[in-house]
Each structure stands twice: as C-alpha cells, then as structure tokens.
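Colleague: Take this sequence and fold it.
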Amino acid sequence: MPDDAAPRDPAEPEDASAAEEASAFSHPPVEPDATAAYGTHPDQMIDFYAPREPDPAGLAPLVVVLHGGAWRAPYDRRHITPFADFLARRGFAVANVEYRRGALIPAQAEGFDGPGGGPGPVAGRWPDTFDDVAAAFDALPALVREVLPQADQRRTVITGHSAGGHLALWAAARHVLPADAPWRTGGPARLRGVVALAPIADFHAAEKLDVCGGAAVQLLGGSSLFAERRPYADPALLLPTGIATTLVQGRRDIVVPLAVAEAYAEAAARAGEVVGLTLLEDVGHFPLIDPAADACAVVAEEIAQLAW
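Modeller: Predicted coordinates for the structure are as follows:
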C-alpha cells in the first residue's frame, strides 16, 4: 500500500462480504444420517438429515436443499451441511442434493475462463447439471420413503442458495418448460413452496451484471448458445409456476446483487404471479446459510411459514 493511501474502512462492502464468507465457511461439515444415490455418477448423491427434534404430533416437513457455488466443481454439498443440520435442529427433515458441476478447463478454452480472467472451472455442465437435478427430484419420493421415514413429503419445501437458488426455482418450474424439454413434467410438483436464497434467478440480469464471472453464460455453454438455451434454464422465463415462492436477499449482497432478485420478481408480476421478496438490511451473500448469523434464522422462519 502506498504511504499516502488511506486504509480501507472495514465496514466497506468488499471487506464485509469477505468476513461474512469466512464466517459461513468456518463451520465444520456435518455428516448426514444417511446417504443415497439417485444415479451411477459419483456426484449423483443425496444426503439425508433426520429432524433433531421430531414433532410429537406427527411427521416433519421435508426441506430439499440445493447448494450454491456458481455451479462450479470446487464447491460441493459439504459446504452447506452446517445449514442442513441447522434446519434439522429446527425440526425439519432435510435432503441435501449433489449434482454435477463444471470442471477445470484449459486456459485456451474460449469463453470459459475463470472469474479472475485466467483458467478456471467452468460453471456447470450442459445438460448434465439439469439432468441431475431433474433425476434427483424424480427419485426423491422413493428414497425418502426408504431412508427418511420421518419426513412428510406432503409438506415439501425446496430451498437453495445462489446457484442452488436458481436450481430450486428451476426444479419447481419443470411443468412450464418448453414442450420439447427432456426435463418437463406433466404437472406441477407437489410442493408447499420454494424459498430461494440470493438466487441467480434472472439470467438476463445476471449476464448484464457479470454475476460470478459470467457463470450463467458458462452454464448454458457459452455466449453463442446463451439465447438458444435460456428458455430451458432461466427461471425468469418459466413463469407463472403456480407454486408459492419467496426470495430472501441481503441488500448488501455484492456476489448476486439485489437487482437480480428484483428482475425475477418483476418478471413474475408481468406473468401475473406474486413472488415474495424478503430483504435483509446490512446483510450480504453468505449469512443466509451461516448458522451463526441472524439471517439464517430468518431463512428458517420463511421455510417454516410455507411448510407448517
């Protein structure tokens, strides 16, 4: 730092975001009560957490969790296991879904550089990431009956953080996918709702803001395929769903800015659907999944309002 440079105010957004990220990732992974495969690939796995305080009156609502990490390989489901355990300790049965993410790619692969401009993991795999999420939800009812009998699947809520928030919204919208989409279902999923946490919910807005180093463009195979594939992948184009949906967003989020959630909510309104948008003051991207943060308790309450 030059001698005449003023020190950075620790309250500035970048420093605050770094501190929030460090806190969220400081918790040791929590081992599940059971794990089951929904396919043959090593990433096609679901971890299950039984409710720590079962409801004496009956079964526990089921929360399906989809982790974030810009659909990139370095981030797997283990980083969100403390959040899954946090929900289990609040009386929910939890299914934590893994899926295939993007792998490390050569520096010369045009359009797929890492967020810093150099070689890095591409965001997601087309169509594998979507194949996996669809397959996981198709397999989930039977797996839950087998390994998590405490769960009441009639009270299922999907939640996901960041890129996982995108996948949560997408999973709930499969019945409104284009007719030729291989993942389309014949009707809406039997869900109480979706609680998407700082989701990459509108790909047009995410592209404009270069969210996570162009992750949405990478997920769809690069800029040349972005427009063609958006109707199959962008939640903002898959409306209305007819499923209760709430977005939870920190106003101070610089990873997935508020403008992305607002763009999705506006798209829903244009489609005739009301989407809840819970805004948290002085909160960035990571406290939403950090059991040590007050924001995480707000998330649990949003889920509970739909589940119970």
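Colleague: So Val176 sits against Thr241, correct?
Modeller: Yes - in this structure Val176 lies within contact range of Thr241 using C-beta atoms under 8 Å: 6.1 Å. (Each C-beta comes from the backbone N, C-alpha and C, glycine too.)
Colleague: More neighbours: these two, which one.
Modeller: Taking neighbours as other C-beta atoms under 10 Å, Val176 and Thr241 compare with Thr241 leading, 22 against 19.
Colleague: I'd guess the more buried one is in a helix, am I close?
Modeller: No - checked against DSSP: H, G, I helix; E, B strand; the rest coil, Thr241 lies outside a helix; its state is coil.
Colleague: Quick one: residues contacting it.
Modeller: Ala172, Ala173, His175, Val176, Pro188, Glu273 (C-beta atoms under 8 Å, 6 or more residues apart in numbering).
Colleague: change it to 7 Å
Modeller: Ala172, Ala173, Val176, Pro188, Glu273 (C-beta atoms under 7 Å, 6 or more residues apart in numbering).
Colleague: pLDDT wise, what is it at?
Modeller: If you check Thr241, the pLDDT there is 98.
Colleague: who touches the longest strand seen in the chain?
Modeller: Identified as the longest strand of the chain according to DSSP state E is strand 151-161. The contact list for strand 151-161 (C-beta under 7 Å, 6+ apart) reads 58-68, 80, 93, 141, 144, 167-168, 171-172, 190-199, 288-289, 303, 306-307.
Colleague: Pull out the buried members of the residues you listed.
Modeller: Neighbour counting by 16 or more other C-beta atoms under 10 Å classes 59-68, 80, 93, 144, 167-168, 171-172, 191-199, 288-289, 303, 306-307 among the contacts of strand 151-161 as buried.
Colleague: Filter these down to just the ones in strands.
Modeller: Judged by DSSP E, strands contain the following of those: 60-66, 93, 193-197.
Colleague: right, and Arg89 touches Pro51 too?
Modeller: No - counting by C-beta atoms under 7 Å, Arg89 stays clear of Pro51, with 8.3 Å between them.
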